[in-house]
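Peer 1: The amino acid sequence is not available; the structure is as follows:
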């Protein structure tokens, strides 16, 4: 019997008439308390962590003081301690199942918060299928969505924005997976990019998978199946974004260390707005941090396995609310039957349709960036003109002194007291000697490239 609560919390709940076990009533049974805090404890811990990781504008000695106290302030938030306790309970569950062959009953106060964290992590430690992208999708749908984790209240959706039921339970579980991946980086088919993507869209509402508090609300109240797209539809179609290139399948169970010496702050998620924490790589490097919120249409054009205009019929079939079929795909429908609404398989752009009277192929999608960079059709670029070297200028004519004036026998004119007339424009002497008068006429070379 694994009680995720602390012993004092379980005793307090029993005084209120809530359930608790007595190990004496069971044969060959043991009762363990995991000392994991409740939702209010986790919310306060994350609030303290948020105040700590916000980038500071302090300079000089004030900034040095903040930097010197960072680790001690991080310890005071107790966030890593809560993550350690959750991870420790998960490892204990896996040990009881695998090493001792025992059955384990896991519960907390309600069964949809700490219980989901411990059970989902224990299965991921024991079964290598859940360490794949497809397996993670099954695990989230089974242990979180189907078992009724209150995403609406815990993530603050809709009217629950300021409610006291808000708590980062699902985010804390993703942090637990981050700690395991750090210790076993080669046995997971995905990496931190998928965890960050799931953490973002648990709050964004862009997909219907994490809307509502249970399957009934997603089906009846929000009509998530008809009005939204499953997050796994996007993840499966864009798996190249999240694949770990170092992945090697390993069927052995994982036994991560639960020591505080091995736990690290998930900087990729919590500190991504702090430029001092970013890795010192080029922005085009695979190791640099890039966030994709499911709206990056340019990714469809840069991925090798996805054509420039992906067909909307390549989407996996959704068989239930926020879920998708893992085994088959539907036959492609006719183009005239395509829905006139956004589709994530074309990057949140309008679905192109064929004119009813013509059989022309669909017009390829273009983005504003492509139109600015290439005013012509991006699929048929015009080749640049061949380079032509400039022609050498003609040599200047040889210098010839002006001929002397002819001699004249006539006497010079008498002097006059009247001032001489002003010279005309054609008879004015040049004040500055131009290049033409010094070196001859300089001709402009023909067909000279503008860049020369």
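Peer 2: Arrived safely. A quick note: this is a predicted structure, and the numbers were derived from the prediction, not measured. Numbers count the residues shown, from 1 in each chain.

Peer 1: Just give me the neighbour total for the closest residue to residue 207 other than its chain neighbours.
Peer 2: In space, and not counting its chain neighbours, residue 207 is closest to residue 231: 3.9 Å by CB to CB, 6 or more residues apart in numbering. Glycine gets a C-beta too; all of them are placed from N, C-alpha and C. As a burial measure, residue 231 scores 24 neighbours (other CB atoms under 10 Å).

Peer 1: cool, the one 5 residues further on as well?
Peer 2: By other CB under 10 Å, 16 other residues sit near residue 236.

Peer 1: In three-state terms, how would it be classified?
Peer 2: Reducing the assignment at residue 236 to three states with DSSP: H, G, I helix; E, B strand; the rest coil gives helix.

Peer 1: repeat for residue 208
Peer 2: For residue 208, the assignment made with three-state DSSP gives coil.

Peer 1: Distance-wise, check it relative to residue 215.
Peer 2: Between residue 208 and residue 215 the distance is 12 Å, computed by CB to CB, to the nearest Å.

Peer 1: Of those two, give the one with the bigger neighbour count.
Peer 2: A side-by-side neighbour count of residue 208 and residue 215, using other CB under 10 Å, places residue 208 first with 21 against 17.

Peer 1: Starting from the helix or strand containing residue 47, tell me the next helix or strand along the chain.
Peer 2: Under the criterion DSSP states H and E, the helix or strand holding residue 47 is helix 39-53. Next helix or strand after helix 39-53 toward the C-terminus (DSSP H and E): helix 61-68.

Peer 1: Check which helices and strands that following helix sits against.
Peer 2: Using 3 or more CB pairs under 8 Å, 6 or more residues apart in numbering; DSSP states H and E as the contact criterion, no helix or strand is in contact with helix 61-68.

Peer 1: isn't residue 118 right up against residue 90?
Peer 2: Yes: in this structure residue 118 lies within contact range of residue 90 using CB atoms under 8 Å: 5.1 Å.

Peer 1: more neighbours, those two?
Peer 2: Under the neighbour definition other CB under 10 Å, residue 118 and residue 90 were set side by side, and residue 118 has more, 30 against 27.

Peer 1: returning to that earlier point: quick check, the residue nearest to residue 207 in contact with residue 198.
Peer 2: Yes: counting by CB under 8 Å, residue 198 is a contact partner of residue 231 at 7.3 Å.

Peer 1: Spatially nearest residue to residue 52 (excluding sequence neighbours)?
Peer 2: Distances taken as CB to CB, 6+ apart place residue 73 nearest to residue 52, at 5.2 Å, with adjacent residues excluded.

Peer 1: same question, residue 132
Peer 2: Leaving aside its sequence neighbours, residue 132 sits nearest to residue 189 (CB to CB, 6+ apart; 4.3 Å).

Peer 1: cool, and residue 227?
Peer 2: Nearest non-adjacent residue to residue 227, counting by CB to CB, 6+ apart: residue 208, 7.1 Å away.

Peer 1: so how far is residue 152 from the one you found?
Peer 2: In this view, residue 208 and residue 152 are 12 Å apart by CB to CB.

Peer 1: for residue 226, same thing?
Peer 2: In terms of CB to CB, residue 226 sits 18 Å off from residue 152.

Peer 1: more neighbours, those two?
Peer 2: It is residue 152, of residue 226 and residue 152, that has more neighbours when counted by other CB under 10 Å, with 22 against 10.

Peer 1: which residues touch the more buried one?
Peer 2: Each residue near residue 152 by CB atoms under 8 Å, 6 or more residues apart in numbering is listed here: 158, 160, 211, 212, 213, 217.

Peer 1: Go again with 7 Å.
Peer 2: With contact set as CB atoms under 7 Å, 6 or more residues apart in numbering, residue 152 has these partners: 158, 160, 211, 212, 213.

Peer 1: neighbour-wise, which of these leads?
Peer 2: residue 212 (25 neighbours).

Peer 1: hang on, the residue nearest to residue 227 packs against residue 224?
Peer 2: Yes: with contact defined as CB atoms under 7 Å, residue 208 reaches residue 224; the gap is 3.4 Å.

Peer 1: any idea how far residue 266 is from the closest residue in space to residue 187 that isn't next to it in sequence?
Peer 2: When the adjacent residues along the chain are set aside, residue 187 lies closest to residue 250, with 4.5 Å between them (CB to CB, 6+ apart). Using CB to CB, one obtains 23 Å as the distance from residue 250 to residue 266.

Peer 1: contacting residues around stretch 240-249?
Peer 2: Residues outside stretch 240-249 that contact it (CB under 7 Å, 6+ apart): 128, 133, 185-191, 193-194, 197, 235, 292, 303, 305.

Peer 1: Next: stretch 195-211.
Peer 2: By CB under 7 Å, 6+ apart, the residues outside stretch 195-211 that reach it are 145, 151-152, 155, 157, 170-171, 174, 177-178, 218, 222, 224, 228-231, 242, 268-269, 291-294, 322.

Peer 1: From the residues you listed, keep the buried residues only.
Peer 2: 145, 151-152, 155, 157, 170-171, 174, 177-178, 218, 222, 224, 228-231, 242, 268-269, 294, 322 (16 or more other CB atoms under 10 Å).

Peer 1: burial count for residue 245?
Peer 2: With neighbours defined by other CB under 10 Å, the count for residue 245 comes to 6.

Peer 1: Residue ranges in the protein under the pLDDT threshold?
Peer 2: With pLDDT under 70 as the threshold, the chain has low-confidence stretches at 160-161, 283-284, 286, 291-452.

Peer 1: top helix in it by residue count?
Peer 2: Using DSSP state H, we find that the single longest helix of the chain is helix 79-98.

Peer 1: Past that helix, which element shows up next along the chain?
Peer 2: Counting by DSSP H and E, the element after helix 79-98 in chain order, helix or strand, is strand 106-107.

Peer 1: From the contact counts, what lies against that following strand?
Peer 2: Contacts defined by 3 or more CB pairs under 7 Å, 6 or more residues apart in numbering; DSSP states H and E place strand 106-107 against helix 114-126.

Peer 1: Can you get me a residue count around residue 125?
Peer 2: 24.

Peer 1: Next one: it from residue 139, what distance?
Peer 2: For residue 125, the distance to residue 139 equals 12 Å [CB to CB].

Peer 1: Also residue 124?
Peer 2: Residue 124 sits 7 Å away from residue 139, going by CB to CB.

Peer 1: Compare these two and say which is more crowded by neighbours.
Peer 2: Relative neighbour count places residue 124 above the other of residue 124 and residue 139, with 23 against 20, counting by other CB under 10 Å.

Peer 1: For the nearest residue to the more buried one once chain neighbours are set aside, list the residues it contacts.
Peer 2: Of all residues not flanking residue 124 in the chain, residue 130 sits nearest, at 4.4 Å (CB to CB, 6+ apart). Contact partners of residue 130, counting by CB under 7 Å, 6+ apart, are 123, 124, 136, 139.
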